[in-house]
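S.K.: Got a sequence here, can you model it:
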Amino acid sequence: GIPHIVYCINKMDLVDFSEEKYEAIKESLDKTNYDKISTLKDEEQYVKALKYALNLLDEAKINEDYFWTFKISYLIGEIYRKTNKFEKSLNSYKQSLIVINQSKLDSKNTRFKDIDLDLAKTLLKLGAVYHKLSSSIDLDGESSNFDSIKLKKSKKRYLDSAKFYYKEIENLSELNREII
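M.R.: Here you go, the predicted model:
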């Protein structure tokens with residue numbers, strides 16, 4: 001595979017070396033790459049999608065691009081969720097949550113069209129994955145007393161985490177204003 005993507009844009013002299021034009025072209029390329037990865041995910045080509053997504057995520061982090069770091073982290077979370085790798089899915093969703101919160105603090109970052117909706121979706125995914133983990137623990141199975149106690153604690157921890165993220169959604173004042 002190709003470990004890095006290098007963009008070379010020719011004829012920048014025709015637009016007076018405009019940084020604005022360069023950024024628009026780069027944004028278009030990022031979106032094209034993201035759309036390709038999303039299509040691979042939709043076609044259930046998860047290994048290929050994940051490989052490309054991780055490379056694109058590295059590039060977004062290097063460029064300190066909050067928007068694409070959020071979008072790609074969220075997409076990686078979706079890929080892991082679809083493949084039942086819930087712990088990895090949680091890590092990716094949490095990474096996207098960190099990035100979106102950083103972006104909310106950065107007044108210069110205006111690329112998010114509806115940052116509150118993106119935040120709510122991320123919180124909902126986190127709650128849903130924790131809920132899924134909680135419900136996947138079978139307490140009726142044959143296990144030792146020690147294992148049974150460990151399973152009960154894990155189930156409770158996952159369920160409490162799900163409730164925490166669902167409560168965070170309820171507390172989003174921006175979301176509540178739109179509903180009312």
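S.K.: number of nearby residues for Lys125?
M.R.: Other residues lying near Lys125 total 21 when counted by other Cβ atoms under 10 Å. For glycine as for every other residue, the C-beta is placed from the backbone atoms N, C-alpha and C.
S.K.: Hmm, I typed the wrong one, I wanted Leu117.
M.R.: 14.
S.K.: what does the one 5 residues further on give?
M.R.: The local packing of Thr122 (other Cβ under 10 Å) involves 26 other residues.
S.K.: So for this structure, the centremost residue is which one?
M.R.: Centroid-nearest residue in the chain, with Cα atoms, centre = their mean: Tyr74, separated by 1.5 Å.
S.K.: who's in contact with it?
M.R.: Neighbouring residues of Tyr74 by Cβ atoms under 8 Å, 6 or more residues apart in numbering: Ser92, Tyr93, Ser96, Asp118, Lys121, Thr122, Lys125.
S.K.: Show me where the chain has its helices.
M.R.: 19-42, 46-62, 66-82, 86-105, 115-136, 145-170, 173-179 (DSSP state H).
S.K.: Switch those over to TSV; also include mean pLDDT.
M.R.: Formatted as TSV, the helices of the chain follow (pLDDT from 0 to 100):
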stretch	mean pLDDT
helix 19-42	78
helix 46-62	92
helix 66-82	94
helix 86-105	91
helix 115-136	92
helix 145-170	89
helix 173-179	64
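S.K.: Tell me which of the ones you listed sits most buried.
M.R.: The highest mean neighbour count among the helices of the chain, using mean count of other Cβ atoms under 10 Å, belongs to helix 66-82: a mean of 23.
S.K.: C-alpha coordinates for that helix, CSV please?
M.R.: Backbone C-alpha positions of helix 66-82 (Å, rounded to 0.1, in the frame of the first residue of the first chain) are rendered in CSV as follows:
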residue,chain,number,x,y,z
TYR,A,66,-9.9,19.4,13.4
PHE,A,67,-12.6,18.9,10.9
TRP,A,68,-11.1,16.0,9.0
THR,A,69,-9.6,14.4,12.2
PHE,A,70,-13.2,14.4,13.6
LYS,A,71,-14.8,13.1,10.5
ILE,A,72,-12.2,10.3,9.9
SER,A,73,-12.1,9.3,13.6
TYR,A,74,-15.9,9.0,13.6
LEU,A,75,-15.8,6.9,10.4
ILE,A,76,-13.1,4.6,11.9
GLY,A,77,-15.4,4.2,14.9
GLU,A,78,-18.2,3.2,12.6
ILE,A,79,-15.9,0.6,10.9
TYR,A,80,-14.9,-0.9,14.2
ARG,A,81,-18.5,-0.9,15.4
LYS,A,82,-19.7,-2.7,12.2
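S.K.: Now do that helix against helix 86-105: the angle between them, please.
M.R.: Here the directions of helix 66-82 and helix 86-105 differ by 160 degrees (axes from the mean of the first three to the mean of the last three Cα atoms, to 10 degrees).
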